[in-house]
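> build me a structure from this.
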Amino acid sequence: MKFVFSVRSEMAFTLLKKLIHNEESLPEIKIREQNAQNVQQLEDAIEFFKADLYIVDQHLEEYESLKKVLDQYGCQYVEIQDDVKAVIPLIREQYGVEDKQEEKEIHYEKKEKNKVVIQEKVIEKEVIRTSYQAIPSKVIVVGSLYRGAGSTLLATNLSRMIGERGIDVSYVEHPLIKPYMFDYLQIHTNEEKEYFDIAREIQSDGLARSKREEWLQHKVKWHVIDSRKPSLPSFSYENLLVLSHTIQSNVLIVDISDRWLDPEIQKYLYLADFIYLCVEPDPIKYDWSLYDHKENRTKEKMVMDFLNTDHNIPRYELVNMKYIKGIDIKAWNEMLQKRPLAKIPYIPYEDIQKAIYKSKVLYDFENYKDLFEENLMPLIVKVVPKDFLEIRKKESGIFKKLFKKD
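Okay, the predicted model is just below:
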């Protein structure tokens, strides 16, 4: 059976392709590798690929025009409304080879149904409505030029700042970096709630089998590595797409540490809205990213060459970590060759240790909230709508009583 997709994004295209291939009831599956997002691409697909079924997304700008083309050529098609995965049961029901007769009998016994039109045929099926989103509204990738430069500190506190503004935000610890946040948040000590490592299931099965309750703490949804279990051997680009699609947050912050040269992560960078590279004001360390060692380039040099030469990925921004006033600012800025978008002052190590033992994000520790609010605002304004920039203050109990209506 041959399929052509016309869907909203590369992420949705890859996910839908994987879902179709995993559907055992569909015989001899063949999918056109190009996403037909405009009329010309769709007409070419109809003429040369001659698919049995077309899947068209209502979120596409040219949706109405695509639909007219399909009707004009008499093509059978399924429409995606919100959830990409919702079309799979419909396709299985119409074209699956197993238990087809039994499924038909079940349809007509049900009383209240929604109708999904596939050209002139009507398939009747109950549709469960969810708040599923195709992709997060914003994808932010945070990494360090070298280990210890502060990607986790930046990513966690940036997540906390966004969550404080009432925006749905998720922090993702890339499944192949060294586990840290699971123990930092003391997740293993919570006996009332079980932590579910969705990345582990996706890496094993290719898909998340079911929607599980996410770990919400400090107004952030945490998707971190369960340090009690063995490390994952791999985590592909497709796994990252499925993970991003499953999480559904408005803002998704992915901490990749120093894994910039991982080919699977490099593919994922094309989907990012913002890329933040953490550096320390250490000219000796940073020099390794500038000096051309000819045939034996350093890891840092390869990272910078990739970020500076691949124009298909979003423009990265530098974030200066562990910043102190005593450095030679002029010499440091000349070496960077790129003005940092934000900087975080040096934080005493003893304060970091105290926050760890209290299981608090630094944003919530002692007087550090003002520090992060002041220094990370250039990052926040790029992500948060203007109406949400100012943190809403909670009304006190006395204030509520004074203005309470009878």
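> where's the residue most central in space within the chain relative to residue 275, distance?
Centroid-nearest residue in the chain: residue 244, 3.6 Å away (criterion: CA atoms, centre = their mean). Distance check for residue 244 against residue 275: by CB to CB, to the nearest Å, it reads 15 Å. For glycine as for every other residue, the C-beta is placed from the backbone atoms N, C-alpha and C.
> residue 303 now?
Residue 303 is 12 Å from residue 275, by CB to CB.
> also residue 67?
For residue 67 relative to residue 275 (CB to CB), the value is 36 Å.
> swap in residue 227?
Taking CB to CB, one finds residue 227 at 27 Å from residue 275.
> the more surrounded of the two?
residue 275 (20 against 16; other CB atoms under 10 Å).
> pretty sure the more buried one is in a strand, no?
Yes - checked against DSSP: H, G, I helix; E, B strand; the rest coil, residue 275 lies within a strand.
> hey, C-alpha coordinates of stretch 325-343 in CSV?
Once non-C-alpha atoms are left out, stretch 325-343 reads as follows in CSV (Å, rounded to 0.1, in the frame of the first residue of the first chain):
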residue,chain,number,x,y,z
LYS,A,325,34.5,41.6,36.8
GLY,A,326,38.2,40.9,37.2
ILE,A,327,38.7,39.5,33.7
ASP,A,328,40.1,41.5,30.8
ILE,A,329,36.8,42.2,29.2
LYS,A,330,38.3,43.8,26.1
ALA,A,331,40.7,40.9,25.4
TRP,A,332,37.9,38.3,26.1
ASN,A,333,35.4,39.9,23.8
GLU,A,334,38.0,40.1,21.0
MET,A,335,38.7,36.4,21.4
LEU,A,336,35.0,35.5,21.3
GLN,A,337,34.5,37.3,18.0
LYS,A,338,30.8,37.2,18.9
ARG,A,339,29.1,39.2,21.6
PRO,A,340,27.4,36.9,24.2
LEU,A,341,23.6,37.3,24.4
ALA,A,342,23.6,36.9,28.2
LYS,A,343,26.0,36.3,31.1
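> give the buried residues for that stretch.
Neighbour-count burial for stretch 325-343 flags 332, 336, 340-343 (criterion: 16 or more other CB atoms under 10 Å).
> repeat that for stretch 204-221.
Going by neighbour count (16+ other CB under 10 Å), the buried part of stretch 204-221 is 207-208, 214-215, 217-221.
> okay, now the unreliable bits of the stretch 51-200 of the chain?
Scanning the stretch 51-200 of the chain for pLDDT under 70 picks out 97-136.
> what about 50?
Low-confidence segments of the stretch 51-200 of the chain, defined by pLDDT under 50: 99-115, 117-135.
> so which elements touch the helix ranked longest in the chain?
Counting residues, the longest helix in the chain under DSSP state H turns out to be helix 151-164. Applying 3 or more CB pairs under 8 Å, 6 or more residues apart in numbering; DSSP states H and E, one finds that helix 151-164 contacts strand 138-144, strand 169-173, strand 220-223, strand 251-257, strand 274-279, strand 316-323, helix 368-375, helix 377-383.
> ok, residue 309 - how many residues close by?
8.
> pull the residues that contact stretch 353-367.
153, 156-157, 160-161, 164, 184-186, 218, 220, 347, 351-352, 368-369, 372 (CB atoms under 8 Å, 6 or more residues apart in numbering).
> go on, stretch 184-192?
The list of residues contacting stretch 184-192 from outside it, by CB under 8 Å, 6+ apart, reads 182, 195, 215, 217, 222, 224, 228, 356, 359.
> these in strands, which ones?
215, 217, 222 (DSSP state E).
> would you format those as JSON lines with pLDDT included?
Shown next, in JSON lines, are the ones in strands among the contacts of stretch 184-192 (pLDDT from 0 to 100):
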{"residue": "215", "pLDDT": "94"}
{"residue": "217", "pLDDT": "94"}
{"residue": "222", "pLDDT": "97"}
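> redo those residues as a markdown table? Include distance to residue 144.
A markdown table is the format used below for the ones in strands among the contacts of stretch 184-192 (distance: CB to CB, whole Å):
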| residue | distance to residue 144 |
| --- | --- |
| 215 | 24 |
| 217 | 24 |
| 222 | 20 |
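> quick check, nearest of those residues to residue 137?
The nearest member of the ones in strands among the contacts of stretch 184-192 to residue 137, counting by CB to CB, is residue 222 at 18.7 Å.
> my guess is that closest one contacts residue 215. True?
Yes - using CB atoms under 8 Å, residue 222 makes contact with residue 215 at a distance of 4.7 Å.
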